[in-house]
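Visitor: sharing a model prediction with you, sequence too.
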Amino acid sequence: FVVGHAGLYQALVMFVVAYFIIGMTVLSVCAIATNGALDAGGAYYMISRALGPEFGGSIGIMFFLANVCGSALYVLGLVEAVVDSFGIPPGQKTGTGIHVLPQSYWYELLYGTILLALCLLVCLVGASIYAKATFLIFLIVAGVLGTILISFFATRPIEVSILLPNSNGSETRNGSFTGFSLATLRANLGGGYDVDYTTGQVMSFSSVFAVMFNGCTGIMAGSNMSGDLKRPSYSIPRGTISAVLFTYLVYNLLAFLMCATCDRTLLQKDYGFLRDISIFPPLVTVGIYAATLSAAMSNLIGASRILYALARDDLFGRALALAKKTSASGNPVMAVILSWLVVQLVLFSGKLNTIAGVVTTFFLLVYATVNLACLALEWASAPNFRPTFRYFTWHTCLLGIAGCCVMMFLISPVSASASLGFLLLLLLALHYLSPSSTWGYISQALIFHQVRKYLLMLDVRKDHVKFWRPQMLLMVQNPRGSARLIDFVNDLKKSGLYVLGHVELQDLDMLPSDPLQPQQDSWLSLVDKLNVKAFVSLTLAPSVRHGVRQLLFTSGLGGMRPNTLVLGFYDDDAPQDGLARHPAFTSAREEVPLSFPPIRAPTAPKLLSPREYVGIVADALKMLRNVLLARQLESLDKAWELRRAASPPPTIHVWPVNLLRPDSARYADTCSLFLLQMACVLNMARAWRRARLRLFLCVEAGAMPHAQEEKLRQLLKDLRIQAQIQLVPWDAVTRLHWQTHRGPPGGPAPAGEEEEGTVNFPANTTQVSDEYVCAANKLVLEQSPAPAVRFLYLPRPPADTTLYPLYLHQLELLTRGLGPTVLVHGVSAVTSTQL
């Protein structure tokens, strides 16, 4: 068939292309097969354990279908050979001699069913009888090949009469076996594609290649039996490579001998002509039957083993539960029967060449994925990937993938596209529906490999303010009381690093093992359930302050390190279990992870003192980290605030002036600009885009408020921040400050104060009274309508540590009753007006 239509040159090209593809795939199969213990399932087992359940399950189904269709293909080929030998010739009503079998679609389906039942019987008995049967068939086929090779030399030239069906019934054509002839060889060198007399279709390179490639798909026969082999890692490489080399030599030798001895008519119009030229014709018939029967059995038993492996892995749940049942000897009889039923359905297609294209596409797709699995393992550079078979590289894997994909689309673009679409649907279904596995995911190894590479390329010396982004370290004492704060900071990170930090107050010297390891899974599950893009960093320390220092020093890697510390506010409010009420748990009806301790009782002592809390803020500023203090964020119902239909839309109030320093009311210092940036970043988050920024400009009488407003408006324009500016007179508030301090507004600063950013901290808490702070709090509170969240300026802690409690007390007064509030202090330049 191949040589008759394609000619010798194109036939040899087809063999080279086909064996190049399967050769690259065989190298990948051998590499994976020698990298650990193999179980039942062959290629499916290799792919699933290398690429994970999604790829493994979907390719397993594709490979099962490929073997099923392949089995049907060989059964139909056997039927074709039987009908050629014993069928009643076209145009005759009764047979003569050995030609006694009626020919029609239904009769041929009946013959195929009987032959398939014979294959089923052998496969039901078990792998041992199958192995013995295939070895016997191998000896028969080898003997037949020997007689055929002798026949090419021993048989004299003869004319073969060929009876062909046509529209008028039938016609007779004569084909010639010329013996070795240079003229015959020259006539057969080029292509001569004609009508295939079995299907009535005109052949082409792709259609002939599709049929020919099915003669090369047996490379997986050994690996499909991996569960039945004693030493699969030893047998599969040696058996597969020797089989590939042997068949390649035989195919090329037969192609040359046929081209040199048979004319084109004989090759194209009588696919069974070897019987006519053989020195012992019945032996050729036996060889054809044995070869096709062996291939049909091989594909049937391969399909059953793949189905059994899929069922045992529970990737498709109850759908394949029946296929798990085995006999007392371990033979998966139900998988064999189910595979037989599917092959029987495929037999209804009727003609061998009809399904050849589909089978070839499926096999090529499986081979491409085997190469992909080996490529992924090689690229991941995992230390445990060290196969004993070393004759492969990532180049061979890549060439195998490219060859498979190109030939798929050359053979049948429609079948290739449909197969890829079906594979994608299976991938998506398994991704969302299949249970998690413990096989290990190659994707994780590849991600690690790439992330390490890019982290090394991320150079902190090349940082630029234009590309600054917040990288958050949120300290969490107990996730039960911080669910909404965790969610809020996730909106603030703007694609930056986000780390959830936790300090466990224990001494490792006094413990038998690390107490943090058992907690890690609960924290990671929490991150998954809350759907936040965060890492988790836990540490042991004698105090919370030491623990936070550790995390600030060690969290992150390379150029990805936290630049902003976020703390909950230190107050006397009773903590609430927000995790139990969070939609992530209530909607899914799942319990809160039990490893988190219960919420601290209101009467229980706190883990840190006010002085230690302010010390943490001071430590972070010394380490040039920005600081955010979040108060009453657990009362922020983001879903209600942002989705309510009422007009006007929710607002974000921004107060960029230091309310505890009325004598230095500047809007363009580093801290004010950082505060503006954080409010803008929140507004840019998808969930907060409907909200509106409102910026409050505190003005005093006689201070030219419109000039200040215009200056601030220009600043916002330069920074591309859209915000509404609202003037707020605060003479009544500042009057309370100047009544208790010398000097008018704008006078010299009190002794001991330094410009912001110098080594000494300004002792600002000594400069304002509680009465003034309460008035400032009232001023902020009176601005209506009430916002979803407020951003306020956080002053530096005082240099005198004895004043830490007073500093915290005044922050508490300033933010009392304001609802969700974020106090912000920035130490780094984060805004840019450049392109």
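Guide: Good, I have the coordinates. Numbers count the residues shown, from 1 in each chain.

Visitor: wait, a helix at Tyr159?
Guide: That one is not Tyr; residue 159 is Glu. No - going by DSSP: H, G, I helix; E, B strand; the rest coil, the assignment for Glu159 is strand, not a helix.

Visitor: from Phe213, how far off is it?
Guide: Separation of Glu159 from Phe213 (C-beta to C-beta, to the nearest Å): 33 Å. In this view, the C-beta of every residue, glycine as well, is placed from N, C-alpha and C.

Visitor: comparing the two, which residue is more hemmed in?
Guide: Phe213 (23 against 11; other C-beta atoms under 10 Å).

Visitor: and this structure, what are its domains?
Guide: Taking the TED database as the criterion, the chain consists of the domains 1-433, 462-739+766-825.

Visitor: just name the most buried of these.
Guide: Using mean count of other C-beta atoms under 10 Å, the stretch among the domains of the chain with the largest mean neighbour count is domain 1-433, at a mean of 19.

Visitor: distance between the ends of that one?
Guide: Criterion C-alpha to C-alpha, to the nearest Å; first-to-last residue distance in domain 1-433 is 45 Å.

Visitor: just name the shakiest helix or strand of the protein by mean pLDDT.
Guide: Sorting the helices and strands of the chain by mean pLDDT, DSSP states H and E puts helix 638-643 at the bottom, at a mean of 65.

Visitor: next secondary structure after that one?
Guide: The helix or strand immediately downstream of helix 638-643 is strand 651-655, counting by DSSP states H and E.

Visitor: which strands or helices does that next one pack on?
Guide: With contacts defined as 3 or more C-beta pairs under 8 Å, 6 or more residues apart in numbering; DSSP states H and E, strand 651-655 has these neighbours: helix 670-684, strand 692-699, strand 789-793.

Visitor: now mean pLDDT too, for the ones you listed, in CSV please.
Guide: What follows is these, written out as CSV (pLDDT from 0 to 100):
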stretch, mean pLDDT
helix 670-684, 89
strand 692-699, 87
strand 789-793, 93
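
Visitor: could you save these as a markdown table and add columns showing distance to Thr240?
Guide: Below are the helices and strands packed on strand 651-655 laid out as a markdown table (distance: least, C-beta to C-beta, whole Å):
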| stretch | distance to Thr240 |
| --- | --- |
| helix 670-684 | 57 |
| strand 692-699 | 67 |
| strand 789-793 | 65 |
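
Visitor: tell me which of the ones you listed sits nearest to Arg173.
Guide: helix 670-684 (78.6 Å; C-beta to C-beta).

Visitor: dump the C-alpha coordinates for that closest one into CSV.
Guide: Taking C-alpha atoms only, helix 670-684 is exported to CSV below (Å, rounded to 0.1, in the frame of the first residue of the first chain):
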residue,chain,number,x,y,z
THR,A,670,7.7,62.1,52.4
CYS,A,671,5.1,60.8,54.8
SER,A,672,2.2,62.7,53.3
LEU,A,673,3.1,61.6,49.8
PHE,A,674,3.3,58.0,51.0
LEU,A,675,-0.1,58.3,52.7
LEU,A,676,-1.5,59.6,49.4
GLN,A,677,0.1,56.8,47.5
MET,A,678,-1.4,54.1,49.8
ALA,A,679,-4.9,55.6,49.5
CYS,A,680,-4.5,55.7,45.7
VAL,A,681,-3.3,52.1,45.6
LEU,A,682,-6.4,51.0,47.6
ASN,A,683,-8.6,52.9,45.1
MET,A,684,-6.9,51.1,42.2
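
Visitor: and that helix, what does it pack against?
Guide: helix 483-492, strand 651-655, strand 692-699, strand 789-793, strand 821-825.

Visitor: list of residues touching it?
Guide: With C-beta atoms under 8 Å, 6 or more residues apart in numbering as the contact definition, helix 670-684 has outside contacts at 470, 491-492, 494, 626, 628, 652, 654, 656-658, 666, 688-689, 691-693, 695, 716, 719, 721, 723, 756-757, 789, 791-794, 822, 824-831.

Visitor: over to stretch 486-494?
Guide: Residues contacting stretch 486-494 (C-beta under 8 Å, 6+ apart): 469-472, 474, 476, 479, 498, 500, 530, 532-534, 566, 628, 630, 633, 636, 638, 678, 681-682, 684-685, 687-688, 789, 820.

Visitor: which among the helices and strands packed on strand 651-655 is found nearest to Val250?
Guide: Using C-beta to C-beta, the helices and strands packed on strand 651-655 put helix 670-684 closest to Val250, at 68.0 Å.

Visitor: just how off-centre is that closest one within its chain?
Guide: Computed by C-alpha atoms, centre = their mean, to the nearest Å, the chain-centroid distance of helix 670-684 equals 35 Å.

Visitor: got the end-to-end distance for stretch 650-668?
Guide: This stretch, stretch 650-668, spans 26 Å end to end (C-alpha to C-alpha).

Visitor: right, so of the domains of the chain, which gets closest to His449?
Guide: Per C-beta to C-beta, nearest to His449 of these: domain 1-433, 5.6 Å.

Visitor: for the record, mean pLDDT for that closest one?
Guide: Domain 1-433 shows a mean pLDDT of 83.

Visitor: tell me the contacts of Gln714?
Guide: Gln714 neighbours (C-beta under 8 Å, 6+ apart): none.

Visitor: quick one: pLDDT of it?
Guide: Reported pLDDT for Gln714: 85.

Visitor: please, which helix or strand holds it?
Guide: helix 705-718.

Visitor: how far off centre is that helix?
Guide: 49 Å.

Visitor: put the alpha carbons of it into CSV.
Guide: Provided in CSV are the C-alpha atoms of helix 705-718 (Å, rounded to 0.1, in the frame of the first residue of the first chain):
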residue,chain,number,x,y,z
PRO,A,705,-6.7,78.8,51.4
HIS,A,706,-7.4,79.0,47.7
ALA,A,707,-3.7,79.3,46.9
GLN,A,708,-3.0,76.2,49.1
GLU,A,709,-5.9,74.4,47.4
GLU,A,710,-4.6,75.2,43.9
LYS,A,711,-1.1,74.1,44.9
LEU,A,712,-2.4,70.8,46.2
ARG,A,713,-4.6,70.3,43.1
GLN,A,714,-1.5,70.8,40.9
LEU,A,715,0.3,68.2,43.0
LEU,A,716,-2.5,65.7,42.6
LYS,A,717,-2.5,66.4,38.8
ASP,A,718,1.3,65.8,38.6
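
Visitor: which stretches of the stretch 701-835 of the chain aren't confidently modelled?
Guide: Along the stretch 701-835 of the chain, segments meeting pLDDT under 70 span 702-703, 738-767, 832-835.

Visitor: tell me the angle of the helix holding Gln714 relative to helix 670-684?
Guide: For helix 705-718 against helix 670-684, the angle by axes from the mean of the first three to the mean of the last three C-alpha atoms, to 10 degrees is 60 degrees.

Visitor: show the subsequent helix or strand relative to helix 705-718.
Guide: For helix 705-718, the succeeding helix or strand toward the C-terminus, using DSSP H and E, is strand 724-729.

Visitor: that following strand pairs with which strands, parallel or anti?
Guide: Strand pairing for strand 724-729, using DSSP bridges, gives strand 692-699 (parallel).

Visitor: counting by contacts, list what the helix or strand harbouring Ser294 packs against.
Guide: Using DSSP H and E, Ser294 sits within helix 281-312. Applying 3+ C-beta pairs under 8 Å, 6+ apart, we find helix 281-312 packed against helix 43-51, helix 53-86, helix 105-125, helix 127-154, helix 221-224, helix 274-277, helix 333-346.
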